[in-house]
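Student: Based on what follows, work out the 3D shape:
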Amino acid sequence: MLQRRVTEQEMALVELGNSYSAAAMKVHAIEDKEKKLAESQQGQWMDASATHSCKACAKDFTVTRRKHHCRRCGGVFCGECTDNQMPVPPSTKPVRVCDTCQTDLLKAMTRA
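Tutor: Here you go, the predicted structure:
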């Protein structure tokens, strides 16, 4: 009787190990896809010196309305349109992002 329980528990452990391995492989595949997607979505930084108004609200930049780059798309925005702090994959550190990128990142987080 005891030998049978030991055998059943060993089989259960093997099954759990196989399930864990399969899940770990799926997690690594998802992480790789997210990293590639994040790298492809990282935009080139716009030339701030050639930009005179916010890409989102079109307000002109002034001494008090300063230029800020979105760390995800690279666009130049005013402070009001980039007052969001979000982690941009593959980093986990929150950085300045525009309203559009914040919305996209939040959608991506809810789908994951």
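
Student: ok, the nearest residue to residue 70 once chain neighbours are set aside to residue 25 distance?
Tutor: Residue nearest to residue 70 in three dimensions, not counting chain neighbours: residue 98, with 4.0 Å by CB to CB, 6 or more residues apart in numbering. In this view, the C-beta of every residue, glycine as well, is placed from N, C-alpha and C. Distance, residue 98 to residue 25, by CB to CB, to the nearest Å: 35 Å.

Student: between the two, which one's more packed in?
Tutor: Comparing residue 98 with residue 25 by neighbour count (other CB atoms under 10 Å), the higher total belongs to residue 98, at 26 against 10.

Student: Do I have it right that the more buried one meets residue 82?
Tutor: Yes. If you go by CB atoms under 8 Å, residue 98 and residue 82 touch, sitting 5.1 Å apart.

Student: which residues are common contacts for those two?
Tutor: Common contact partners of residue 98 and residue 82 (CB atoms under 8 Å, 6 or more residues apart in numbering): residue 70.

Student: in stretch 48-58, what counts as buried?
Tutor: For stretch 48-58, the neighbour count (16 or more other CB atoms under 10 Å) marks 54, 55, 56 as buried.

Student: Just send those residues back as JSON lines, with pLDDT and distance to residue 89 too.
Tutor: Supplementary listing: the buried residues of stretch 48-58 in JSON lines, determined by pLDDT from 0 to 100; distance: CB to CB, whole Å:
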{"residue": "54", "pLDDT": "96", "distance to residue 89": "25"}
{"residue": "55", "pLDDT": "94", "distance to residue 89": "22"}
{"residue": "56", "pLDDT": "95", "distance to residue 89": "22"}
